[in-house]
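requesting a structural model of the entry that follows:
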Amino acid sequence: MLDIAQNPFSEPIKNFLKELKATKWAFPYILQIFHAIISGFLLIILGIMYITVGVLSQISNSFWDLITGLGQKMSFSNPIESSFYAISATVYFIIFLPFFILQSPIWLGGWFASKIGIKPLIIIVFTILLSIGIYFFRPQLPKEAISQILKIQDSVKKEYFTSDSTTTTNSQIEILAKDNVK
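A predicted model of the protein is given here:
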């Protein structure tokens, strides 16, 4: 029987609880209250991560261990048994895939952070999010928005319906732009 993988958030939760219990409460209690509030906030975040991402990683690691174990059994068994192992490995992989997909963004972020460091990762993520925000949520004039919509319509018409739709779209852009400017 394979062991269940350990939840990666259990150790930090235990450490924060030990630190919170070891707090020496002395008058005027201001520093200890700040410490308790921050530790409690971090415990709440780690608890949420324990329930969501931690359980996902346990499930995906368990199924991955089953898949690799079946792969090893397939190499040392006769053809009939190995076909059953292959079917089982396929079923396990189909079950494993959604858990891995849900876990992969956090896994990928942790992998990048371990390779390049946390500060460059934060800068890269911020730059990507800023670029996405500028690209998708920039304010457009009505004329630009209508011209983009008509360009998309024109490309669809060219590709699927006719080959001479360019002469009508330029006049359509001018007419619609004039209507929106008024």
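
what are the ranges of the helices in this structure?
10-21, 30-49, 55-75, 79-116, 118-137, 142-160, 166-181 (DSSP state H).

mean pLDDT and mean neighbour count added to those, as JSON lines?
C-betas here are computed from N, CA, C, even on glycine. Rendered in JSON lines, the data for the helices of the chain read as follows (pLDDT from 0 to 100; neighbours: other Cβ atoms under 10 Å):
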{"stretch": "helix 10-21", "mean pLDDT": "91", "mean neighbour count": "12"}
{"stretch": "helix 30-49", "mean pLDDT": "92", "mean neighbour count": "13"}
{"stretch": "helix 55-75", "mean pLDDT": "88", "mean neighbour count": "17"}
{"stretch": "helix 79-116", "mean pLDDT": "89", "mean neighbour count": "14"}
{"stretch": "helix 118-137", "mean pLDDT": "82", "mean neighbour count": "10"}
{"stretch": "helix 142-160", "mean pLDDT": "73", "mean neighbour count": "13"}
{"stretch": "helix 166-181", "mean pLDDT": "60", "mean neighbour count": "12"}
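
check contacts around the nearest residue to Ile95 once chain neighbours are set aside.
Sequence neighbours aside, Phe63 is the residue nearest to Ile95 in space, at 5.9 Å (criterion: Cβ to Cβ, 6 or more residues apart in numbering). Phe63 is in contact with Tyr92, Phe93, Ile95, Phe96, Phe99, counting by Cβ atoms under 8 Å, 6 or more residues apart in numbering.

can I get those residues in a markdown table including distance to Met74?
Shown next, in a markdown table, are these (distance: Cβ to Cβ, whole Å):
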| residue | distance to Met74 |
| --- | --- |
| Tyr92 | 12 |
| Phe93 | 13 |
| Ile95 | 18 |
| Phe96 | 17 |
| Phe99 | 23 |
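
so which of these comes closest to Ile30?
Phe99 (44.4 Å; Cβ to Cβ).

looking at it, that closest one is touching Ser60, isn't it?
Yes. Phe99 lies in contact with Ser60 (Cβ atoms under 8 Å); the separation is 4.1 Å.
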